[in-house]
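**Q** Quick check, what structure comes out for this input:
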Amino acid sequence: MATAIPPLVEQGSRLVANVPALLKQATNSSTWLGQLNERFGVQERLQQLMQTSASGMVTGILGAGEIVFGALASVLLVLALTAYFLADLPRVRATLYRFVPHDRRPRAILIGDEIMAKVGGYVLGNLIISVISAVTTFIWLVIFGVPYPLLLAVLVALLDLIPVVGSMVAGLLVALVAFTVSVPVGVATLGFYLAYKMIEDWLLSPRIFGAVLKVPALVTAVAIVIGGSLLGVVGALVALPTAAALMLLTREVLLPRLDRGSAGGTPSTAPPG
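**A** This next block holds a predicted model:
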C-alpha cells in the first residue's frame, strides 16, 4: 500500500487536472473527438439537455442525489452488517448448530464448517481473478502508453469483483481512456478486453474456482450461466458457493443414504402365487 498509494494519488490528480484539456479536445475539429462531436452532434445534445426547464433539472438533480445517497447508505449498511456478522460468527454458528439433534450435531458441524470453507475459497478465487485482471491491464496499458495505468488497473480489479457485468464495465472505461491516445489503441484495447472476457469466463474462472472449491470445471461454467440467467448479478454471485454446497451435501448426505437403501434391500425369493 505504501508503494501503490502515491502513484494512485498522483495519477488521480493528473486526471482531474487534464479534464479541461480533454473537454477542449472534444470541441477541436482536428481531433477524432471533435470529428465525432461534429458528426453526431454530441455538444448540441448536451446543450439541449442543459436547457431543460428549471423544475425538470431540479427534479433530475434531486433524483440523482437520492440514488447516490441510497447507494451510499446501502454500502455502509452492508459493511456494518458484515462487520457485525463476522464479529459474532462463532456465536451465530453455535446457535444454528443447536437446532440440529444432539446425535447428528457432530456431523452437521463438520459439514457446516466445510461449507464455510468453500465460501471462503470462493472469495479467495474471486480475488485471484481480480488480481490477474489488474496485472494484465497494467501491462497492456504500459506497453501502449495509455495514461493512468495504475489507477485504471486498480479500478479494473475492483469492478472485476462484480460478476458478469463488472469486467465489461471496466473494459469500456479503460477503452475510453485508450481512445484519448489514438483510435487504433482504443480499438485494440476494446478487442483485448473482449478476448480477456472470454478467457476469464471459460478458462480462468472454471480452472481457479474448480481448484479452490473442488468443483468440476463443467459444473462451474454451468452454475455461472444458470445463476446469471435466473437472478442476474446476484445469481452469478451466489451460484458457485451454492453449487459447491449442494455437491458437498449430495456427497456426504444423499449418496450415503441411497447406498444404504440399495444395500439394505434384498430381492424377494418367494414363488409367485
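
**Q** After the longest helix anywhere in the chain, which helix or strand is next?
**A** Longest helix in the chain by number of residues, with DSSP state H as the criterion: helix 105-143. Counting by DSSP states H and E, the element after helix 105-143 in chain order, helix or strand, is helix 149-160.

**Q** So which elements touch that next one?
**A** With contacts taken as 3 or more C-beta pairs under 8 Å, 6 or more residues apart in numbering; DSSP states H and E, helix 149-160 sits against helix 5-26, helix 105-143, helix 166-179. C-beta: built from backbone N, CA, C; applies to glycine.

**Q** mean confidence for the first one?
**A** For helix 5-26, mean pLDDT is 70.

**Q** Need the helices and strands packed on helix 149-160 in a markdown table (columns: distance to Arg91 and mean neighbour count).
**A** A markdown table is the format used below for the helices and strands packed on helix 149-160 (distance: least, C-beta to C-beta, whole Å; neighbours: other C-beta atoms under 10 Å):
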| stretch | distance to Arg91 | mean neighbour count |
| --- | --- | --- |
| helix 5-26 | 36 | 12 |
| helix 105-143 | 14 | 16 |
| helix 166-179 | 33 | 19 |
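
**Q** Looking at the ones you listed, which is nearest to Gly227?
**A** Nearest to Gly227 among the helices and strands packed on helix 149-160 is helix 105-143; the distance by C-beta to C-beta comes to 12.2 Å.

**Q** Against which helices or strands is the closest one packed?
**A** The helices and strands touching helix 105-143, judged by 3+ C-beta pairs under 8 Å, 6+ apart, are helix 89-97, helix 149-160, helix 166-179, helix 183-199, helix 205-213, helix 217-249.

**Q** how about a cut-off of 6 Å?
**A** Here helix 105-143 touches helix 149-160, helix 205-213, helix 217-249, going by 3 or more C-beta pairs under 6 Å, 6 or more residues apart in numbering; DSSP states H and E.

**Q** and that helix, how far out from the chain's middle?
**A** Chain-centre distance of helix 105-143: 12 Å, with C-alpha atoms, centre = their mean, to the nearest Å.

**Q** how far away is the closest residue to Leu152 other than its chain neighbours from Val142?
**A** Nearest in space to Leu152, with sequence neighbours left out and distances taken as C-beta to C-beta, 6 or more residues apart in numbering, is Val174 at 5.2 Å. Here the criterion is C-beta to C-beta, to the nearest Å. By it, Val174 lies 13 Å from Val142.

**Q** Any stretches of this structure with poor pLDDT?
**A** Applying pLDDT under 70 to the chain flags the ranges 1-5, 8, 19, 22-72, 75, 163-164, 233-234, 262-273.

**Q** give me that answer again for 90
**A** 1-127, 146-152, 154-155, 157-173, 175-187, 193, 197-273 (pLDDT under 90).

**Q** Of all residues in it, which one is nearest the centre?
**A** Nearest to the centroid of the C-alpha atoms of the chain, with distances taken as C-alpha atoms, centre = their mean, sits Ile162, at 1.6 Å.

**Q** separation between it and Gly227?
**A** Shown here: Ile162 relative to Gly227, a distance of 14 Å by C-beta to C-beta.

**Q** Look up which helix or strand the closest residue to Val92 other than its chain neighbours falls in, please.
**A** With C-beta to C-beta, 6+ apart as the criterion, Val92 has its nearest non-adjacent residue at 7.1 Å, and that residue is Phe85. Here Phe85 is covered by helix 54-87, with elements defined by DSSP H and E.
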